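> with the sequence up front, the predicted model follows.
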Amino acid sequence: MRILIAGAGATGGAFGTRLVEAGRDVTFLVRPARAQRLRSNGLRFIAPETDRTNQVQVLTAAELADLDEDRRAFDLVIVAVKATALETVIADVRPAVGAQTLILPFLNGMAHIDRLEAEFPGQVLGGLVKIVATVRDDSVVQMTDMAVMTIGHLGGGEVSTEVRTALDVPGYRLQVLDSIVDALWEKWIFIATAGVVTCLFRAPVGPIIAAGGEPHVRTVIDELEAVATVAGHPVGAKAHDQTMSILTEPGSSFTSSLYRDVTAGVPSEIEHILGHLQVTAADLGVATPLLDLTLVQLRAGEIVRTS
Ligand SMILES: NC(=O)C1=CN([C@@H]2O[C@H](COP(=O)(O)OP(=O)(O)OC[C@H]3O[C@@H](n4cnc5c(N)ncnc54)[C@H](OP(=O)(O)O)[C@@H]3O)[C@@H](O)[C@H]2O)C=CC1
Ligand SMILES: CC(C)(CO)C(=O)C(=O)O
């Protein structure tokens, strides 16, 4: 199975490394500057138990488009970029998508699913990854031992044995679900809740709790979980308890990736994760006052950042 991974960043680089090391036929689709560095230096992967570098196959969008037709089509295209790069990547991967190609996005949120389905109808799998990773000095750094890839058929059908076998490799846990849409909602609500809490109160969880924020954190959790309930994808008791414990733990240094991007002043997934949830809640008739407030604050910050 030929696998193309769009993005050799935190998620693409971490899961991609494990696939490469298991001998899978993996090519990374990256932008020209990164392609040059990957070709010269390889892909360095640092995780709690390891620091190693692999030589990897790399293509840029222009090189992909120039390949002969029989080399161009891939069996599986993993989309591992931030939402801000989604439109470019949709155009870039198109030459790699044949009639049988499947697309597996790793993005947080849900808006990209409809977008990808509109472009590649019937060819999109549901996917999410649980990992805490980043890119530091061009190296992919996995910060904790947690590494889980969850996939499923969006229409409730079976994921093929070929795809399961290709993705089931050492170094992370592969989970194949019948109810991937529920899982996507669960993750979306968690990421959005963590985003609202940390961005609204502008701090990691520990200082927020120390400042007396716990009742407000609970209100955010209730507010956003209510959207999932009305949408018909209620957050399960286990996920709710996990959210509660992560976001109310005294002394915790936990932050959301949204908070890290916003405070670093780099483009972030504000609209993809929070903006889309606001629109979805409004369509469902669910009031989201704290989400609305957070979005005003974040959008105002974006106006300042980009002006
Ligand atoms: N990081 C994490 O721990 C987790 C992230 N997620 C989600 O996964 C998704 C991906 O995030 P993450 O992996 O962290 O993001 P990163 O920013 O670490 O990686 C994305 C990579 O995409 C590359 N890129 C940007 N545009 C293009 C393009 N047009 N073609 C090819 N590559 C491109 C960038 O490379 P360059 O700039 O070098 O060209 C960058 O390295 C997000 O939706 C995120 O919310 C989910 C769970 C955990
Ligand atoms: C919370 C976490 C690290 C879990 O995977 C995540 O997805 C994110 O911050 O984007």
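Structure's in. What do you need? Ligands and ions are numbered 1, 2, ... in the order given.
> go through stretch 88-96 and flag the buried ones.
Across stretch 88-96, burial judged by 16 or more other CB atoms under 10 Å covers 89-90, 92-93, 95-96. In short, each C-beta sits where N, CA and C put it, glycine included.
> now do the helices in this protein.
Along the chain, counting by DSSP state H, helices occupy 10-21, 32-41, 61-66, 69-72, 86-93, 111-119, 161-167, 180-201, 205-210, 214-230, 237-247, 257-264, 276-284, 289-306.
> ok, back up a step: now, which of the buried residues of stretch 88-96 sits nearest Val129?
Val89 (16.4 Å; CB to CB).
> related to what we said a few turns ago, which members of the buried residues of stretch 88-96 additionally contact ligand 1?
89, 92 (CB under 6 Å from any ligand atom).
> can I get the buried residues of stretch 88-96 in TSV with pLDDT?
Shown next, in TSV, are the buried residues of stretch 88-96 (pLDDT from 0 to 100):
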residue	pLDDT
Val89	98
Ile90	98
Asp92	98
Val93	98
Pro95	97
Ala96	98
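> from the chain, which residue is nearest to ligand 2?
Nearest residue of the chain to ligand 2: Ser257, at 3.5 Å (CB to the nearest ligand atom).
> what about that residue, distance to Ile270?
For Ser257, the distance to Ile270 (CB to CB, to the nearest Å) stands at 11 Å.
> returning to what we had before: just the closest of the buried residues of stretch 88-96 to Ser252, please.
Nearest member of these to Ser252, counting by CB to CB, is Val89, at 33.5 Å.
> dump the residue contacts of the closest one.
6-7, 29, 79, 81 (CB atoms under 8 Å, 6 or more residues apart in numbering).
> how's this protein carved up into domains?
2-178, 183-306 (the TED database).
> re the thing from before, and Met1, which of the helices of the chain is closest to it?
It's helix 161-167; of those, that one is closest to Met1 (CB to CB) at 4.3 Å.
> how many residues are close by the closest residue to Glu302 other than its chain neighbours?
Spatially, and ignoring its direct neighbours in sequence, Glu302 is nearest to Ile270 (6.7 Å; CB to CB, 6 or more residues apart in numbering). Around Ile270 there are 22 other residues, counting by other CB atoms under 10 Å.
> pretty sure Ile270 sits against Arg299.
Yes. The pair Ile270 / Arg299 is scored as a contact, 7.2 Å apart, by CB atoms under 8 Å.
> quick one: stretch 230-243 to chain centroid distance?
19 Å (CA atoms, centre = their mean, to the nearest Å).
> now do that stretch: distance from first to last residue.
19 Å (CA to CA, to the nearest Å).
> contacts for that stretch next, please.
So stretch 230-243 is contacted by 181-182, 185-186, 189-190, 193-194, 221, 225, 228-229, 280, 284-286 (CB under 8 Å, 6+ apart).
> could you rerun that using 6 Å?
182, 185-186, 189-190, 221, 225, 228, 284, 286 (CB atoms under 6 Å, 6 or more residues apart in numbering).
> just give me the closest of those residues to ligand 1.
Nearest to ligand 1 among the contacts of stretch 230-243, with distances taken as CB to the nearest ligand atom, is Phe190, at 10.5 Å.
> what is the burial count for the closest residue to the closest one other than its chain neighbours?
Using CB to CB, 6+ apart and skipping the chain neighbours, the partner closest in space to Phe190 is Thr243 (5.4 Å). Thr243 has 22 neighbours, counted by other CB under 10 Å.
> for Gln175, same thing?
14.
> any bit of stretch 48-65 sitting next to ligand 1?
No. On the criterion CB under 6 Å from any ligand atom, stretch 48-65 is out of touch with ligand 1, staying 6.6 Å away.
> which parts of that stretch are buried?
Counting neighbours by 16+ other CB under 10 Å, stretch 48-65 gives 56, 58-61, 64 as buried.
> go on, stretch 31-42?
34-35, 38.
> before we move on, what about stretch 206-226?
For stretch 206-226, by 16+ other CB under 10 Å, it's 208-209, 213-214, 216-217, 220-221, 223-226.
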